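[1] Give me the fold of what follows.
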Amino acid sequence: MTALASIVIPCHGNLLYTALCLDSIARHTPEPHEVVVVDNGGTDGTAQWCEERGVRIVHSPVNLGFAGGVNLGLGRMRGDVAVVLNNDALATPGWLRGLTGALARGRHVGIAGPRSNWVSDDQIIPHPPYTEAPSGDLDRFAAERARAHRGRGREATRLSGLCMAITADVLDRIGGFDPCFEVGNLEDDDYSMRARLAGFRLWIADDSYVHHFGHKTFDLLDEDYEELLRTNGMRYALKWDLPLDRDPRGILPARAFDPARDRVALPA
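    Residues are numbered from 1 along each chain as shown. Predicted coordinates:
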């Protein structure tokens, strides 16, 4: 029986991008799935727009930040696999098959992430050969990648929260994202870290591609992005007792995973 994927999309405003994201999922996701949109303190009519179109919506009257918004959606999912997806992202041909395929092939992979045009570290494909999104050129590029790289990928030390496919075992073991990172930044590094400490592998799926417009939610917020990155970097280093004088991301701490200390319970 094919697993049901729950695609959890947190958003705070930017209805246009949410609509584009949902349209891309509808066009490029033939696999069994449900969509859970988290209207995270938005005031642009996202909740009403989704309700009018039969899209499942979870609403928070206040902005819970990326971690809190995602956790709200994860707590309401019905599927066997969770797929966290930014609302300023576009699904493409083969995107979900590549991610769930990586999880299903064993090797104790607990989280899989796609390649993208706007993402950090080894997941990035700089200067992809299309100029507009959404577009036929984007879809053809992604479809060809999915065919050419079917089943290929590599292990990673961290994955971007742009898009994460997460097994039920990982959710059961480590729970949700840590809301201590507030608005956003490094909650995905923290989630990657906890998964690794709990014995799971992270995987970059070369046969999955997601287009990312990038920072569209941060652009709406009255936040200094670089200051937020520095502050959350310190929170992350202090949480894991890592050095403050260099980038702590990807460094494993000198302790084991402690469920009582490290698991983040999802809202009921």
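[2] now the strands: where do they sit in this structure?
    In the chain, the strands defined using DSSP state E lie at 5-11, 33-40, 56-60, 81-85, 89-90, 109-116, 153-156, 163-167, 201-212.
[3] helices or strands next to the first one in the packing?
    Just to be clear, that refers to strand 5-11. Other helices and strands packing on strand 5-11, by 3 or more C-beta pairs under 8 Å, 6 or more residues apart in numbering; DSSP states H and E, are helix 15-28, strand 33-40, helix 65-74, strand 81-85. Placement of C-beta: from N, CA and C, glycine included.
[4] any chance of the strands of the chain in a markdown table, with mean pLDDT and distance to residue 18 too?
    Formatted as a markdown table, those follow (pLDDT from 0 to 100; distance: least, C-beta to C-beta, whole Å):
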| stretch | mean pLDDT | distance to residue 18 |
| --- | --- | --- |
| strand 5-11 | 97 | 5 |
| strand 33-40 | 97 | 7 |
| strand 56-60 | 95 | 10 |
| strand 81-85 | 98 | 11 |
| strand 89-90 | 98 | 10 |
| strand 109-116 | 98 | 18 |
| strand 153-156 | 96 | 28 |
| strand 163-167 | 98 | 15 |
| strand 201-212 | 98 | 14 |
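[5] Make JSON lines out of those and add mean neighbour count and distance to residue 227.
    Conversion of the strands of the chain to JSON lines gives the following (neighbours: other C-beta atoms under 10 Å; distance: least, C-beta to C-beta, whole Å):
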{"stretch": "strand 5-11", "mean neighbour count": "26", "distance to residue 227": "22"}
{"stretch": "strand 33-40", "mean neighbour count": "23", "distance to residue 227": "21"}
{"stretch": "strand 56-60", "mean neighbour count": "18", "distance to residue 227": "24"}
{"stretch": "strand 81-85", "mean neighbour count": "25", "distance to residue 227": "25"}
{"stretch": "strand 89-90", "mean neighbour count": "27", "distance to residue 227": "25"}
{"stretch": "strand 109-116", "mean neighbour count": "27", "distance to residue 227": "25"}
{"stretch": "strand 153-156", "mean neighbour count": "16", "distance to residue 227": "27"}
{"stretch": "strand 163-167", "mean neighbour count": "26", "distance to residue 227": "25"}
{"stretch": "strand 201-212", "mean neighbour count": "24", "distance to residue 227": "22"}
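[6] just to revisit the earlier point, let me have the helices and strands packed on strand 5-11 in a markdown table, adding distance to residue 124 as columns.
    Output for these, formatted as a markdown table (distance: least, C-beta to C-beta, whole Å):
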| stretch | distance to residue 124 |
| --- | --- |
| helix 15-28 | 20 |
| strand 33-40 | 26 |
| helix 65-74 | 20 |
| strand 81-85 | 17 |
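[7] and the closest residue to residue 113 other than its chain neighbours, how far is that from residue 13?
    Excluding the flanking residues, the one nearest residue 113 by C-beta to C-beta, 6 or more residues apart in numbering is residue 159, at 3.9 Å. Using C-beta to C-beta, to the nearest Å, residue 159 is found at 25 Å from residue 13.
[8] Between these two, which has more neighbouring residues?
    residue 159 (27 against 22; other C-beta atoms under 10 Å).
[9] residues in contact with that one?
    Residues in contact with residue 159 (C-beta atoms under 8 Å, 6 or more residues apart in numbering) are 111-113, 123, 188, 192, 202, 204.
[10] same check, this time on residue 5
    Counting by C-beta under 8 Å, 6+ apart, residue 5 has contacts 31-34, 79-83, 96, 100, 165.
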